[in-house]
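>>> One predicted model, sequence on top.
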Amino acid sequence: MRLPQKSFLKVILLSFILSGFTSVLTVLPTRSESEQKSDDLSAPSHTRAKGSLGDSCGIENPEDVVAINPVATVNPHPTLWFYLPMNSGEIREMEIAILKGMDAVYDQEISGEKLANLPGFISIDLPPEDQNKLDKGIAYQLLIYCGDSESSQLRIPKIPTQLQTPSPELQTQLEQATSELEQAKIYNQNNMWYDALTILGRLRRQTPDNPEYKQEWEQILKKIKLAELADKPIGNHIQ
């Protein structure tokens with residue numbers, strides 16, 4: 001794989017350490033004490049990039065690059081969500097990897113049509129093999145290479161993540177739901193907003209003008225302190 005050899009001076013690096021803590025630039029959602037005790041989800045909902053920035057990425061502020069933290073998900077192979085504010089033409093290539101310690105257990109390069117429809121949200125699914133399963137010690141990395149210059153370096157370090165086991169009552173509700181939208185509402189009502197966001201993101205990508213999908217999506221982004229991004233387009237889903 002090429003990760004160790006590539007220069008970090010032209011990279012946006014988003015590093016996800018499942019057992020780690022958040023970066024200093026993370027915005028923590030405001031939560032009442034009762035909410036924190038009820039679902040133990042006081043971890044920040046998203047993390048912003050930091051670092052120096054040249055002209056090659058076409059954006060002024062590195063903090064405009066956002067990773068949504070997959071906290072309290074029931075999915076051992078969660079879909080990863082990012083907001084990228086740059087145009088597709090500014091990105092030469094992206095690379096997604098899963099690391100265990102210093103070893104890469106998965107590595108994929110992303111380019112061409114998969115990087116269309118930016119700026120906007122993107123989602124990434126990783127292969128569901130056991131070695132990629134959400135667990136302590138696993139790190140996710142997304143690298144974004146911009147232009148030819150070696151003048152920019154952006155980083156998003158450690159992102160907290162927590163795998164949840166749905167209660168029998170929640171599992172019954174989900175099984176009895178008659179639509180994906182109803183499932184998303186059930187997840188959200190049970191404080192598992194990340195799984196709700198993943199469902200709603202997929203629905204909005206398929207039907208962006210549906211007012212109910214739009215309303216539920218906006219409510220979740222407001223909950224996680226990203227209301228300013230609620231009207232941004234949802235771009236490609238990468239597998």
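Now that the structure is in, tell me what you want to look at.
>>> low pLDDT regions in this protein?
1-43, 50-56, 137, 139, 147-161 (pLDDT under 70).
>>> Ramachandran angles for the spatially most central residue of it?
Nearest to the geometric centre of the chain sits Trp81, at 2.5 Å (Cα atoms, centre = their mean). Per-residue torsions, Trp81: phi -120, psi 140 (degrees, to the nearest 10).
>>> Quickly list what it is bridged to.
Judged by DSSP bridges, the bridge partners of Trp81 are Ile68, Ser123.
>>> Is it correct that it is in contact with Ile68?
Yes - if you go by Cβ atoms under 8 Å, Trp81 and Ile68 touch, sitting 4.2 Å apart. (C-beta placed from N, C-alpha, C; glycine too.)
>>> what sits in contact with each of those two?
Leu197 (Cβ atoms under 8 Å, 6 or more residues apart in numbering).
>>> sorry, back to before: please give me every residue in contact with the residue nearest to the centre of the chain.
Residues counted as contacts of Trp81 (Cβ under 8 Å, 6+ apart) are 67-68, 70, 121-123, 197-198, 201.
>>> Scan those residues and report the most crowded one.
Leu197 (28 neighbours; other Cβ atoms under 10 Å).
>>> Go through the helix or strand harbouring that one and flag the buried ones.
Here Leu197, judged by DSSP states H and E, is contained in helix 193-206. In terms of neighbour count (16 or more other Cβ atoms under 10 Å), helix 193-206 has its buried residues at 193-205.
>>> quick revisit: need the contacts of Trp81 in TSV (columns: distance to Ile96).
As requested, the contacts of Trp81 are exported to TSV (distance: Cβ to Cβ, whole Å):
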residue	distance to Ile96
Ala67	12
Ile68	15
Pro70	14
Phe121	15
Ile122	11
Ser123	11
Leu197	19
Thr198	17
Gly201	17
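>>> Could you single out the nearest of these to His77?
Minimum distance to His77 across the contacts of Trp81 is 10.3 Å, recorded for Pro70 (Cβ to Cβ).
>>> which SS class is the closest one?
Following DSSP: H, G, I helix; E, B strand; the rest coil, the label given to Pro70 is coil.
>>> Then Pro127?
Pro127 ends up coil, using three-state DSSP.
>>> Hmm, Tyr106 and it touching each other?
Yes - using Cβ under 8 Å, Pro127 is in contact with Tyr106, at 6.6 Å.
>>> which one of those two has more residues nearby?
Tyr106 (17 against 11).
>>> Could I get the CA-only coordinates of the helix or strand hosting the more buried one as CSV?
Element membership for Tyr106, per DSSP H and E: strand 103-110. The C-alpha coordinates for strand 103-110 follow below in CSV (Å, rounded to 0.1, in the frame of the first residue of the first chain):
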residue,chain,number,x,y,z
ASP,A,103,-0.8,-2.5,10.0
ALA,A,104,-3.2,-1.7,7.3
VAL,A,105,-5.9,-4.4,7.0
TYR,A,106,-7.8,-2.6,4.2
ASP,A,107,-6.8,0.1,1.7
GLN,A,108,-8.8,1.5,-1.3
GLU,A,109,-8.0,4.4,-3.6
ILE,A,110,-11.0,6.5,-4.8
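>>> Buried ones in it, by neighbour count?
Within strand 103-110, the residues scored as buried using 16+ other Cβ under 10 Å are 104, 106, 110.
>>> for the chain, what spans make up the helices?
33-39, 168-176, 180-189, 193-206, 211-223 (DSSP state H).
>>> could you redo the ones you listed as JSON lines and give each row distance to Glu95?
Shown next, in JSON lines, are those (distance: least, Cβ to Cβ, whole Å):
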{"stretch": "helix 33-39", "distance to Glu95": "34"}
{"stretch": "helix 168-176", "distance to Glu95": "34"}
{"stretch": "helix 180-189", "distance to Glu95": "30"}
{"stretch": "helix 193-206", "distance to Glu95": "22"}
{"stretch": "helix 211-223", "distance to Glu95": "27"}
